[in-house]
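Asker: starting from these lines, generate the structure:
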Amino acid sequence: MKKDLYSVIKSPYLTEKVSALMGESNQYAFKVDINATKLQIKKAVESYFSVNVEDVNVIKIKGKAKRSRYRIKKRSDWKKAYVRLAEGQTIEVSSE
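Answerer: Sure thing, here's the model as predicted:
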């Protein structure tokens, strides 16, 4: 399935763990499209941020069940991608 590269990456994902990974192993995390492949994520990051990607690891996260007044609803499943950049390259990310 061919995807537009700009629709693959949804937003940066910033936590304390990711901040530590940015400093020690040059890894960044992004929320990505649930159907995106590792190759699509790599190409999207390389074209959008003009960097060289060495490795991509992905995790599918199941949506949590949340109770409403009369029934149980489920949040959507989503995918997180950890992207490791080449030595000496950085990405300027913010939570927006």
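
Asker: over to stretch 32-51 now: how far is its first residue from its last?
Answerer: This stretch, stretch 32-51, spans 18 Å end to end (C-alpha to C-alpha, to the nearest Å).

Asker: for that stretch, buried residues please.
Answerer: By neighbour count on 16 or more other C-beta atoms under 10 Å, the buried set for stretch 32-51 is 32-33, 36, 40-42, 44-45, 49, 51. Where you see a C-beta, it was placed from the backbone N, CA and C, and this is true even at glycine.

Asker: gap between that stretch and the chain center?
Answerer: The gap between where stretch 32-51 is centred and where its chain is centred comes out at 9 Å by C-alpha atoms, centre = their mean, to the nearest Å.

Asker: could you give the mean pLDDT of it?
Answerer: Mean per-residue pLDDT for stretch 32-51: 95.

Asker: again, but for stretch 22-29
Answerer: 92.

Asker: for it, give me every contacting residue.
Answerer: 12-15, 18, 21, 80-87, 89-91, 93 (C-beta atoms under 8 Å, 6 or more residues apart in numbering).

Asker: report the two of the buried residues of stretch 32-51 separated the most.
Answerer: Asp33 and Val51 (19.7 Å; C-beta to C-beta).

Asker: need the phi and psi values for the residue in the chain sticking out farthest from the centre.
Answerer: The C-alpha centroid of the chain is most remote from Tyr70, which lies 33.9 Å away (C-alpha atoms, centre = their mean). Main-chain dihedrals, Tyr70, degrees, to the nearest 10: phi -120, psi -10.

Asker: among the buried residues of stretch 32-51, which are in strands?
Answerer: For the buried residues of stretch 32-51, membership in strands holds for Val32, with DSSP state E as the criterion.

Asker: residues in contact with Lys73?
Answerer: By C-beta under 8 Å, 6+ apart, Lys73 lies in contact with 65-67.
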